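Undergrad: coords below, sequence missing:
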C-alpha cells in the first residue's frame, strides 16, 4: 500500500471519528439555544467561504473570469429576491456559457 493510500485511509477514519463524536458526546441531551444558533450559522458561513475562495485568486485579487461572472449573476438574482435554486441555476448557466464562448 502506498503512502497516498495510507493518508487517504487515515483522513477517512479521522473524519468519521469526528463526525461520530458529536452524537456520542451529546447523547440524548438537548443543545442550548445558543449552540443551536451557532450551528444554524455554520452552513451559510461555509458556503460563503467556498464561494469566496473559488471566486478570488490565490493572491486575493478578483479573478475576472467565468466564475466571477457566475457569482455576479447569482448576486443580482438574489438581490432581486429570486429563490436560491434559481440563482444557482442561473450562475451555472452563465458560467457554462461564458466558458463555451470564451
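TA: Cool, the structure landed. Model, not experiment: these values are computed from the prediction.

Undergrad: after the helix or strand of the chain with the lowest mean pLDDT, next one along is what?
TA: Between all helices and strands in the chain, the lowest mean by mean pLDDT, DSSP states H and E belongs to helix 33-55, at a mean of 85. Where DSSP states H and E defines the elements, the next helix or strand beyond helix 33-55 is helix 66-79.

Undergrad: pLDDT of that following helix, averaged?
TA: Mean pLDDT, computed over helix 66-79, is 89.

Undergrad: in the very next helix or strand once past that helix, what counts as buried?
TA: Of the helices and strands lying after helix 66-79 in sequence (DSSP H and E), the nearest is helix 84-101. Residues of helix 84-101 classed as buried by neighbour count (16 or more other CB atoms under 10 Å): 87, 90, 91, 94, 95, 98. Glycine gets a C-beta too; all of them are placed from N, C-alpha and C.

Undergrad: any chance of those in CSV, with pLDDT and distance to residue 36 too?
TA: Formatted as CSV, these follow (pLDDT from 0 to 100; distance: CB to CB, whole Å):
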residue, pLDDT, distance to residue 36
87, 95, 27
90, 96, 32
91, 93, 30
94, 92, 36
95, 87, 35
98, 86, 40
